[in-house]
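[1] starting from these lines, generate the structure:
(one chain, ligands or ions: 1)
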Amino acid sequence: MLPDHTLSAISIRGAVKRYGAITAVDGLDLEVPYGVCLGLLGPNGAGKSTTMRMLTAQSRADEGEITVLGNVLPKESKKARALMGVVPQQDNLDEELTARQNLEVFAHLYRVPKGDRVAAVDRALAVAQLTDRADTKADDLSGGMRRRLLIARGLVHRPRLVLLDEPTVGLDPQVRQELWSLVAALRAEGVTTLMSTHYIEEAERLADECALMSRGRVVARGTPADLIAEHAGARVDEHHGPPDRLAEIAELARQAGVATRRTGPSVSVLAAERQPESLRDRLGPPSVQRAASLEDVFVVLTGESVE
Ligand SMILES: Nc1ncnc2c1ncn2[C@@H]1O[C@H](COP(=O)(O)OP(=O)(O)OP(=O)(O)O)[C@@H](O)[C@H]1O
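    Numbers count the residues shown, from 1 in each chain. Below you'll find the predicted structure:
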């Protein structure tokens, strides 16, 4: 059956991308409905950037079907690219140009009508809170300002769909907060957003829904609350103890079919409210009880630790 273009801004069916012996994307299915901010969450190497590159047609899928804003890739990639805003992971601003000039170049590339360009650039500067730095060369802007300018550049033509590839990777907490407000504003405007990230908190705060990616495919999808309820339950019991005891706890839980994860010097029993009475008795009282989190889901489903 063909994807329903009227419902999804992005539709990926059975996408595969190989690099020699490495299969970076391995049968990926992903639908992004209009108006949704979807967080594509996954550990390093899960295939998030490759997915982004396929969507921008910088990379061509070996198999599968990809449709962006009703345009079938790769055939209609030019049309698709003109309609979406792309914010790359790598800062590729033109350092010799001012903030305003960087935006003007893209307003031109994105074919914003000549008479509308000044207003479009002013608006993008305002969104990125860079109006008073409009005439500063990109080279002289701080790291946070450059990031905001990169985002503004992807928004200059008011796209209906924005792709953000790891928007805050490597940034300090304050700058990250500033960018989060920018993404939250996009979401409030109803712009469809696909944001890849390996920061759990970023996905949890900004995304309406998260797709958890591991080894080239989506292993779970839902709102953060639903993902937590389904895969980590309501409560987590943390048991502290010497290494031997921790190994024993993990093994007892495994035998009882209960998921656990290592949390530093402790073992966490997920969905602790659902553990059988017999296991509870054998484990004894936990050192700490806490609410389950998206981080628990991430670790359990991807087998990776988090930063
Ligand atoms: N151009 C390439 N040539 C060879 N292998 C590649 C290429 N691009 C990606 N890969 C491999 O494909 C896999 C997925 O990489 P990808 O960059 O898509 O993951 P990611 O989820 O974006 O991770 P990160 O957060 O580290 O960017 C990795 O094993 C990576 O080494």
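[2] measure Glu202 to the ligand for me?
    According to CB to the nearest ligand atom, to the nearest Å, Glu202 and the ligand sit 12 Å apart. C-beta here means a position set from N, CA and C on the backbone, and glycine is covered the same way.
[3] I'd assumed that residue was in a helix, is it?
    Yes - assessed by DSSP: H, G, I helix; E, B strand; the rest coil, Glu202 belongs to a helix.
[4] thought it was touching Ala184?
    No - contact between Glu202 and Ala184 fails when scored by CB atoms under 8 Å: they sit 11.2 Å apart.
[5] who has more neighbours, the two?
    For Glu202 versus Ala184, neighbours defined as other CB atoms under 10 Å are more numerous around Glu202 (23 against 13).
[6] now do the same contact list for the more buried one.
    Counting by CB atoms under 8 Å, 6 or more residues apart in numbering, Glu202 touches Gly39, Pro167, Thr168, Arg176, Trp180, Met195.
[7] so which of those sit within helices?
    Using DSSP state H, the subset of the contacts of Glu202 located in helices is Arg176, Trp180.
[8] which two of the contacts of Glu202 have the greatest separation?
    Checked with CB to CB, the contacts of Glu202 reach their widest spread between Gly39 and Arg176, with 14.5 Å between them.
[9] out of the two, which sits in the busier spot?
    Neighbours were counted for Gly39 and for Arg176 using other CB under 10 Å; Gly39 has more, 26 against 18.
[10] sticking with Arg290, tell me its helix or strand.
    Under the criterion of DSSP states H and E, Arg290 resides in strand 288-291.
[11] repeat that for Ala225.
    Applying DSSP H and E, one finds Ala225 within helix 224-232.
[12] now do the strands in this structure.
    With DSSP state E, the ranges of strands along the chain come out as 8-19, 22-33, 37-41, 63-68, 71-73, 84-87, 161-165, 192-197, 209-214, 217-222, 235-240, 260-263, 266-269, 288-291.
[13] ok, which of those comes nearest Met145?
    strand 84-87 (14.5 Å).
[14] by contact count, what packs against that closest one?
    On a contact count with 3 or more CB pairs under 8 Å, 6 or more residues apart in numbering; DSSP states H and E, strand 84-87 meets helix 143-155, strand 161-165.
[15] near the ligand, which residues of this protein?
    With CB under 6 Å from any ligand atom as the criterion, the chain meets the ligand at residues Tyr19, Ile22, Ala24, Gly42, Asn44, Gly45, Ala46, Gly47, Lys48, Ser49, Thr50, His198.
[16] need the buried ones from those residues selected in PyMOL.
    Typed into PyMOL, the line below selects the buried ones among the residues of the chain next to the ligand, using 16 or more other CB atoms under 10 Å:
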select buried, resi 24+42+46+47+48+49+50+198
